[in-house]
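Visitor: Using only what follows, build the 3D model:
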Amino acid sequence: MVMDWKKAVKPVGEFADFKKSAARTPKTAAEVVSAAIDKQIELFNKPKSEGRRWFEVKGENVAFSIRYANSPLKLVGDEKTVVVPKAQFVEVLQSIKADVEKGEFKAQLDAGEAAVRKRSATMAATRKKK
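Guide: Residues are numbered from 1 along each chain as shown. I've put the predicted structure just below:
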């Protein structure tokens with residue numbers, strides 16, 4: 001006999017532990033980028049791991065970008081992709097992460113966050129129409 005799953009499930013709103021406000025505290029753009037940089041370091045150190053890479057290794061050099069909201073940040077002037085010796089890649093990423101946390105990329109991250117909020121609002125409005 002097949003179970004009637006509709007009798008077993010209950011709306012998530014009935015459980016305080018699962019309410020959206022309790023379950024998801026929004027992260028700042030800097031926190032998102034910092035965590036993503038950590039992931040890139042992990043992917044670099046474990047080349048066979050699955051995951052989207054922001055870097056490309058060729059010989060003894062690594063080309064990379066730092067991304068937020070599906071867009072690369074400007075790292076040096078207007079350059080969004082830069083190259084570093086492979087031996088210094090992790091150290092450079094850690095230094096960029098420190099700058100992100102200090103607020104050095106705040107203007108770019110704020111612009112990306114505004115784009116994310118606008119896209120979310122558009123998607124929410126579209127869902128309400130359905």
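Visitor: what's near enough to touch Phe55?
Guide: Shown in contact with Phe55 (Cβ atoms under 8 Å, 6 or more residues apart in numbering): 40, 43-44, 62-65, 89. All C-beta spots, glycine's among them, are computed from the backbone N, C-alpha and C.
Visitor: now these: which count as buried?
Guide: 40, 43-44, 62, 64-65, 89 (16 or more other Cβ atoms under 10 Å).
Visitor: Now do the helices in the protein.
Guide: Per DSSP state H, the chain carries helices over the ranges 5-8, 20-23, 29-45, 89-102, 106-129.
Visitor: returning to that earlier point: out of the buried ones among the contacts of Phe55, which one sits closest to Leu109?
Guide: Each of the buried ones among the contacts of Phe55 was scored against Leu109 by Cβ to Cβ, and Ser65 proved nearest at 14.4 Å.
Visitor: now the residue lying closest to Val76 once chain neighbours are set aside, which residues is it bridged with?
Guide: The spatially closest residue to Val76, leaving aside those adjacent along the chain, is Val82, at 5.9 Å (Cβ to Cβ, 6 or more residues apart in numbering). In this entry, Val82 is beta-bridged to Phe64, by DSSP bridges.
Visitor: Near Val82, how many other residues are there?
Guide: A total of 14 residues lie near Val82 under the criterion other Cβ atoms under 10 Å.
Visitor: wouldn't it be in contact with Lys74 here?
Guide: No - Val82 lies out of contact with Lys74 (Cβ atoms under 8 Å); the separation is 10.2 Å.
Visitor: which residues does Ala30 contact?
Guide: Residues in contact with Ala30 (Cβ under 8 Å, 6+ apart) are 100-101, 103, 105-106, 109.
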